[in-house]
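Chemist: need a structure here:
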Amino acid sequence: MTDAEIRAVALATLLSIAPEVEVDELRGDRTLRSQVDLDSMDWLNFLLGLHEKLKVEIPEADYAKLITLNDVVAYLQKKLGAG
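Modeler: Sure, this is the predicted structure:
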């Protein structure tokens, strides 16, 4: 799966939780939660949605590594490549 495909899945997952998000305005290098104003429950739902769509385990210990959209894409790419 390419970075672009993973990014598309991540953005679709994000939109399913926060449909008001303007994905074209998101910066990949900025804190994702603050850009889209996600509370902790929405963030958890986002990560669970990624798990369901991509069949990738995201341990709670790794949540702190997922700060930006770029972080999320790189993390998922590594997990998918390792699987």
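
Chemist: what does stretch 22-32 rub up against?
Modeler: The set of residues that contact stretch 22-32 without belonging to it, under Cβ atoms under 8 Å, 6 or more residues apart in numbering, is 7, 11, 14-15, 35-36, 38, 66-73. Placement of C-beta: from N, CA and C, glycine included.

Chemist: kindly export that stretch (C-alpha atoms) in CSV.
Modeler: What follows is the C-alpha trace of stretch 22-32 in CSV, where atoms were taken according to Å, rounded to 0.1, in the frame of the first residue of the first chain:
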residue,chain,number,x,y,z
GLU,A,22,-11.6,20.4,5.5
VAL,A,23,-9.1,17.8,4.4
ASP,A,24,-7.5,20.1,1.8
GLU,A,25,-6.5,22.4,4.6
LEU,A,26,-4.8,19.8,6.8
ARG,A,27,-1.0,20.1,7.1
GLY,A,28,0.8,16.8,7.4
ASP,A,29,3.5,18.2,9.6
ARG,A,30,1.2,19.8,12.2
THR,A,31,-0.5,18.3,15.2
LEU,A,32,-3.5,16.5,13.8
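
Chemist: and the average pLDDT for it is what?
Modeler: Mean per-residue pLDDT for stretch 22-32: 94.

Chemist: rewinding a little: widest-spaced pair of the contacts of stretch 22-32?
Modeler: In the contacts of stretch 22-32, the most distant members under the criterion Cβ to Cβ are 15 and 67, with 19.6 Å between them.

Chemist: what's near enough to touch residue 1?
Modeler: With contacts taken as Cβ under 8 Å, 6+ apart, residue 1 has the following neighbours: 54, 77, 80.
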